[in-house]
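Enquirer: take this sequence and fold it.
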Amino acid sequence: MSGQTKLIILGFLIIATALEVSGDAVIRNGLAQKALGSKSAYFGLGAAMLFGYGLSLNLAPIEFHRVVGIYIATLFVMWQLVSFLFFRTVPNLPIILGGGLIVAGGLVVAFWDQGAHA
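Expert: Coordinates of the predicted model:
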């Protein structure tokens with residue numbers, strides 16, 4: 001897999017995770033709305049973002065069983081970023097250390113080419 005292909009995959013995954021995490025946050029904020037119109041608008045926007053996530057994830061030029069590893073890693077990073085931006089939550093040490101393991105594992109699953117190293 002070329003470096004350019006890896007960057008394209010990463011681009012699709014950043015878009016997908018940004019849409020998924022932001023869509024979830026929009027829906028969470030919609031749950032707190034009192035007016036039905038506002039609640040519906042939040043839910044509609046969140047649903048559209050979640051559709052965009054599914055589309056972006058499946059457009060990534062990598063086999064589905066391999067995309068999951070790097071997706072989970074990218075999702076973890078994006079979740080922490082959005083959690084800070086939307087809810088002002090700063091990750092603590094266990095989250096940072098565990099997240100490092102998640103990211104390392106995701107990279108192994110997605111990019112370890114057994115054929116080249118067997």
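Enquirer: just confirm residue 20 contacts residue 53, I think it does.
Expert: Yes. The pair residue 20 / residue 53 is scored as a contact, 3.8 Å apart, by Cβ atoms under 8 Å. Every C-beta, even on glycine, is put in place using the N, C-alpha and C of the backbone.
Enquirer: so which residue is dead centre in this protein?
Expert: Taking Cα atoms, centre = their mean as the criterion, residue 17 is the residue nearest the geometric centre of the chain, at 2.3 Å.
Enquirer: host element of the closest residue to that residue other than its chain neighbours?
Expert: Nearest non-adjacent residue to residue 17, counting by Cβ to Cβ, 6 or more residues apart in numbering: residue 78, 3.9 Å away. Here residue 78 sits within helix 64-87, counting by DSSP states H and E.
Enquirer: quick check: next helix or strand after that helix?
Expert: Remark: after helix 64-87, the chain's next helix or strand is helix 93-111, criterion DSSP H and E.
Enquirer: between helix 64-87 and that following helix, find me the angle.
Expert: For helix 93-111 against helix 64-87, the angle by axes from the mean of the first three to the mean of the last three Cα atoms, to 10 degrees is 150 degrees.
Enquirer: packing partners of helix 93-111?
Expert: Judged by 3 or more Cβ pairs under 8 Å, 6 or more residues apart in numbering; DSSP states H and E, helix 93-111 is in contact with helix 64-87.
Enquirer: ends of stretch 77-96, what's the gap?
Expert: Distance across stretch 77-96, first residue to last, is 10 Å (Cα to Cα, to the nearest Å).
Enquirer: give me the contact list for it.
Expert: Around stretch 77-96, the neighbours that count as contacts under Cβ atoms under 8 Å, 6 or more residues apart in numbering are 14, 17, 18, 20, 21, 22, 25, 29, 99, 103.
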